[in-house]
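# Structure for the following, please:
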Amino acid sequence: MSNKFYFLFPFLMLFLLFSCNKNTSSSTPSKTYSFYNNTGRKVFLDIYKTKGDLNNNRNAINHLIANNGETVKIDLEPKKTVYIDLYSEDFVITNWMNYKTNGDVFPSQNFYADSITTDFSITKPDTITQIVFNRRLLINKNMVSQDWKAISFFPDFGNINTWDQLPAYQKALGFSFQKDFYMFIHYQDSNGVAIDAKTTMKIYYDNFKLAFTNNSYLKGEVFTTASVSYDTLEFHVTDFAFGTRRGMYQLVRK
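Numbering: from 1, shown residues only. As a prediction, the model looks like this:
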């Protein structure tokens, strides 16, 4: 064995030791977290690393399916936040909500992996018994965004549809509802100039509040129809910055 090898041998051993320690320290710790489905329905849980991925339905790191009364498990890094998209097959159970004053659903979209607590229940507010239509209606179950358009108009909230008599600029009305809890209104002023306005949506577990109140654009609120439908909405116009326009638009998906 050459003297050169004896000279390099200590350095080779140090290199190998350093490499082994480096690989060990860079490994990601994980812990098993359990979710018991207590909702009464089959549910799905899509797991994402970022809120942006959840809002855009991309790069899911796991997809769990839990029948009612069943427990599902996933390995997560402790004390880290993941983002969970929860929904039932018919989308009437969901954690797609950003206001929780009337009840909460668990897990919420922002799920913090507690390293101490590892067993959780998938639940919905006990006080809510009616069908929840928000997600099925506004974003058509699992769309990133859903566009709606106006097809009729009832002035002063009456029973007569005057759509055919409206000027072209008052027919140019549309909405975009987004999974990230933003919405857009697209319309024209009396000169035919296109205007786009953006605001947030207040989505509760079993209802929502969608309102444009700024004086610089068309003002009004979006409601469900009198009999809950998954295919139509109403936009109640209360004021217009470029001239009076009071009444109710009927909206359908594009």
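
# what residue lies at the spatial centre of this protein?
Central residue of the chain (C-alpha atoms, centre = their mean): K179, 3.7 Å from the mean position.

# now the strands: where do they sit in the stretch 1-150 of the chain?
31-37, 43-48, 62-66, 71-76, 81-88, 110-112, 119-122, 145-155 (DSSP state E, counting those that start in this stretch).

# other SSEs contacting the fourth one?
When you say that, I think you mean strand 71-76. Contact here means 3 or more C-beta pairs under 8 Å, 6 or more residues apart in numbering; DSSP states H and E; on that basis strand 71-76 packs against strand 31-37, strand 62-66. Any C-beta I mention is one placed from the backbone N, CA and C, and that applies to glycine too.

# Can you give the contact residues for the longest one?
Which is strand 31-37. 43, 45, 64, 66-78, 107, 113, 115, 118-122 (C-beta atoms under 8 Å, 6 or more residues apart in numbering).

# Now do F157: how many residues are near it, please.
By other C-beta atoms under 10 Å, 11 other residues sit near F157.

# you'd agree it is up against H236?
Yes - F157 is within contact range of H236, at 7.1 Å (criterion: C-beta atoms under 8 Å).

# so what's the backbone phi/psi at the nearest residue to F133 once chain neighbours are set aside?
Using C-beta to C-beta, 6 or more residues apart in numbering and skipping the chain neighbours, the partner closest in space to F133 is V228 (5.8 Å). Dihedral angles of V228 (phi, psi; degrees, to the nearest 10) stand at phi -50, psi 120.

# tell me the pLDDT at V228?
Note on V228: pLDDT of 72.

# overlap in contacts of F157 and H236?
With C-beta under 8 Å, 6+ apart as the test, F157 and H236 both reach 247-248.

# hmm, back to that, I figured the residue nearest to the centre of the chain was touching K141, is that so?
No - taking contacts as C-beta under 8 Å, K179 lies outside contact range of K141: 10.7 Å.

# any residues in contact with both of the two?
With C-beta under 8 Å, 6+ apart, K179 and K141 have no common neighbours.

# Please, a PyMOL command that selects the buried ones among the contacts of strand 31-37?
Filtering the contacts of strand 31-37 down to the buried ones (16 or more other C-beta atoms under 10 Å) takes a single PyMOL command:
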select buried, resi 43+45+64+66+72+74+76+107+113+120+122
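
# how distant is stretch 188-202 from the center of its chain?
23 Å (C-alpha atoms, centre = their mean, to the nearest Å).

# Show me what counts as buried in that stretch.
Here stretch 188-202 shows 188-189, 201 as buried, counting by 16+ other C-beta under 10 Å.

# Q170: what's it in contact with?
153, 188, 245.

# pretty sure Y169 is in a helix, no?
Yes - assessed with DSSP: H, G, I helix; E, B strand; the rest coil, Y169 lies in a helix.

# Just give the nearest non-adjacent residue to it, would you?
Q188 (4.0 Å).
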